[in-house]
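> Quick one, structure for this:
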Amino acid sequence: MLTRDTTGTVEVDGDIYVWELRRQPRPTHGGQWEGIAVTLRHQDFKREAIVQFPPPLRPNGRPDTEKQFVNTEYVRNAVTAVIEAGWEPTSRGKAVSFDVDGEGR
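So this is what the prediction gives:
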C-alpha cells in the first residue's frame, strides 16, 4: 500500500515496528543516485535500522527524480530482511544500515 505519510507503523510477527522516511531519492557523485531511506525501530526499543532502497527508475532507465511514496508492504518486507541479516531491534547500540532491493528484500 502506497502512502504519502512520512511515518507509520507495520506489524511483523505480532510486533509493531515504527518507520520514518529519512530521505527521498537524491543525486550523489558521478551522476549516480540513491533511493529512499527509511529508519525502522521496534515500538518498545530505541535501536534503529536504516534501510536504503535502490533509486527508482523510469521506463527509459533514467532515475525518477519525483518525490516517492512509501510502500508499506515493502517496509514490512524490509523489517523481515534486516532481522534475518542480523539486526537485533531489542539490543542497544548505534543505528545499523542495510541495503535492500526494490521490494525491501
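
> From Arg26, how far out is the residue of the chain positioned farthest from its centre?
No residue in the chain has its C-alpha farther from the mean C-alpha position than Asn60, which lies at 24.6 Å (Cα atoms, centre = their mean). Look at Asn60 and Arg26: by Cβ to Cβ, to the nearest Å, they are 20 Å apart. For glycine as for every other residue, the C-beta is placed from the backbone atoms N, C-alpha and C.

> now the helices: where do they sit in the protein?
Remark: helices of the chain, listed N- to C-terminal, are 72-84; assignment by DSSP state H.

> pLDDT weak spots in it?
Judged against pLDDT under 70, the chain has no low-scoring part.

> 90 instead?
Under the criterion of pLDDT under 90, the regions of the chain flagged as low confidence span 1, 29-32, 56-57, 61-67.

> Spell out the residue ranges of the strands in it.
Remark: strands of the chain, listed N- to C-terminal, are 2-3, 7-12, 15-23, 26-27, 33-34, 37-42, 49-52, 70-71, 96-99; assignment by DSSP state E.

> Let's have the ones you listed in JSON lines, adding distance to Ile83.
Listed next are the strands of the chain as JSON lines, based on distance: least, Cβ to Cβ, whole Å:
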{"stretch": "strand 2-3", "distance to Ile83": "22"}
{"stretch": "strand 7-12", "distance to Ile83": "8"}
{"stretch": "strand 15-23", "distance to Ile83": "10"}
{"stretch": "strand 26-27", "distance to Ile83": "27"}
{"stretch": "strand 33-34", "distance to Ile83": "23"}
{"stretch": "strand 37-42", "distance to Ile83": "10"}
{"stretch": "strand 49-52", "distance to Ile83": "9"}
{"stretch": "strand 70-71", "distance to Ile83": "19"}
{"stretch": "strand 96-99", "distance to Ile83": "10"}
